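> coords please:
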Amino acid sequence: MASPTLARLNKQVWRLVSASLFLVFFAGCSPSPEIPTALPTVQILQASATATSTSAEITPSPIRTDIETYTVVQSDTISSIAETFKLKPETVLWANYDQLLDDPDFLLPGMQLTILPIDGTYHQIGGTDTVQSIAAFFAADAQAIIDWPGNEIDPSNPVIFVGQWVLVPGGQRALRRRFAPNLYRYSMAVDPTEYGVGACPENVSDDTSGDGVFAWPVDNPEVDGDGFWSAHPGLDLAVEIGGEVRAADAGVVTFSGWSNLGYGYMIMLDHGNGNFSLYAGLNSVIAICGSAVGQGDVIGTGGMSGHPAEPFVHFEIRRGEEFLNPLDIIPRPNNQ
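Residues are numbered from 1 along each chain as shown. The predicted structure is shown next:
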């Protein structure tokens, strides 16, 4: 009988022989690939380097945290400036109330605008303000105000000081400007002290109405100022000073002259079917209060009143209380 040590040696020898036989059998049954003498360490390292390089290329740029100043140049609009800084136009407008008074058409070359690093509002602390009250007022998150690094607020003791400016990430607010209300022909006699001397002195009952199919009020409807967005519910159409401005649809003139609400010389038409149109920034008005006009009738001339940057006519279409984008409802000319 073999000793235990000899038995173990025999088993180990048998395993080695079996493994060798298996390899010989496998080699005979399978294609014979080229087996490298060493692992492809160089290739592995190169792949790793490539992956690292690709990762570096797609790493997003650091988030801006600083408040910047931008000097307005000719042909700038609030929308184009916002696009440059990857912001919403409302963010640029809200941060510059002291100059723009919430009206995009007040933008002028040479203005120094405050540009926030992210969308939101910029607020100077008042006497009773707290982080929580500011967040509630601007419909924002209090913790986001505390966490924004540029505000330099201690998270463990979030004290703010009167006069301090804080950025409110995601904050929003209502506009502080007035829009000209719809003036119906039967109730268009409004106070000229409040609305301006263009207010009509008496109401009319003329039943002239449009067909709801609008036309462009200028020959070449090129958007030369700001486009349609929440704080600018119309289009600024290019027009020469003195160029003809025509009625976009038939209706009755319910305002014609200077507006105290920031529109300069303005005309409003009640189209008798729930629709209204407004033409502002004019050089002069031709249509008379209470008169009926047809589509295409000349009602005023182009100018720069209310927006001294360059000549254009601010054109709005309203369906009841809803502002419509003219680009969505009036076909562009064939050459546009």
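> can you tell me which residues contact Ala248?
By Cβ atoms under 8 Å, 6 or more residues apart in numbering, the contact set of Ala248 is Phe214, Ala215, Trp216, Pro217, Leu269, Ser277, Gln295, Phe315, Ile317, Ile330. Every C-beta, even on glycine, is put in place using the N, C-alpha and C of the backbone.
> Okay, strands next: where are they in the stretch 151-300 of the chain?
In chain order, the stretch 151-300 of the chain shows strands spanning 165-169, 235-238, 244-246, 251-259, 264-270, 275-285, 292-293, 298-302, with DSSP state E, counting those that start in this stretch as the criterion.
> For the shortest one, give the mean pLDDT please.
It stands for strand 292-293. Mean pLDDT, computed over strand 292-293, is 98.
> Dump the C-alpha coordinates for stretch 79-91 into CSV.
Taking Å, rounded to 0.1, in the frame of the first residue of the first chain, the C-alpha atoms of stretch 79-91 are listed here in CSV:
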residue,chain,number,x,y,z
SER,A,79,-33.1,89.1,-26.9
SER,A,80,-29.7,89.1,-28.8
ILE,A,81,-27.8,90.1,-25.7
ALA,A,82,-29.5,87.4,-23.7
GLU,A,83,-28.6,84.8,-26.3
THR,A,84,-25.0,85.9,-26.2
PHE,A,85,-24.8,85.2,-22.5
LYS,A,86,-27.1,82.1,-22.7
LEU,A,87,-29.7,83.8,-20.5
LYS,A,88,-33.5,84.4,-20.9
PRO,A,89,-34.3,87.9,-22.1
GLU,A,90,-36.3,88.5,-18.9
THR,A,91,-33.2,88.0,-16.8
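> Just give me how far it sits from the chain centre.
Here stretch 79-91 shows a centroid-to-chain-centroid distance of 6 Å under the convention Cα atoms, centre = their mean, to the nearest Å.
> next one: stretch 318-333
For stretch 318-333, the separation from the chain centroid amounts to 19 Å (computed by Cα atoms, centre = their mean).
> quick one: buried residues of it?
Under the neighbour-count criterion of 16 or more other Cβ atoms under 10 Å, stretch 318-333 has Arg318, Phe323, Leu324, Pro326, Ile330 buried.
> looking at the protein, which helix or strand does the model trust least?
Ranked by mean pLDDT, DSSP states H and E, the weakest helix or strand in the chain is helix 41-57, scoring a mean of 36.
> Could you look up the next helix or strand downstream of it?
On the C-terminal side of helix 41-57, the nearest following helix or strand under DSSP states H and E is strand 68-71.
> Need the residues that contact that next one.
Contacts of strand 68-71 from elsewhere in the structure, counted by Cβ under 8 Å, 6+ apart, are Ile81, Phe85, Gly110, Met111, Gln112, Leu113, Thr114, Ile115, Pro117.
> Tabulate the CA atom coordinates of it in PDB.
As requested, the backbone C-alpha atoms of strand 68-71 are provided in PDB (Å, rounded to 0.1, in the frame of the first residue of the first chain):
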ATOM      1  CA  GLU A  68     -20.600  91.300 -15.600                       C
ATOM      2  CA  THR A  69     -21.100  94.600 -17.300                       C
ATOM      3  CA  TYR A  70     -22.000  94.800 -21.000                       C
ATOM      4  CA  THR A  71     -21.900  97.900 -23.200                       C
END
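> Distance from it to the middle of the chain?
Taking the mean C-alpha point of strand 68-71 and that of its whole chain, the gap between them comes to 18 Å (Cα atoms, centre = their mean).
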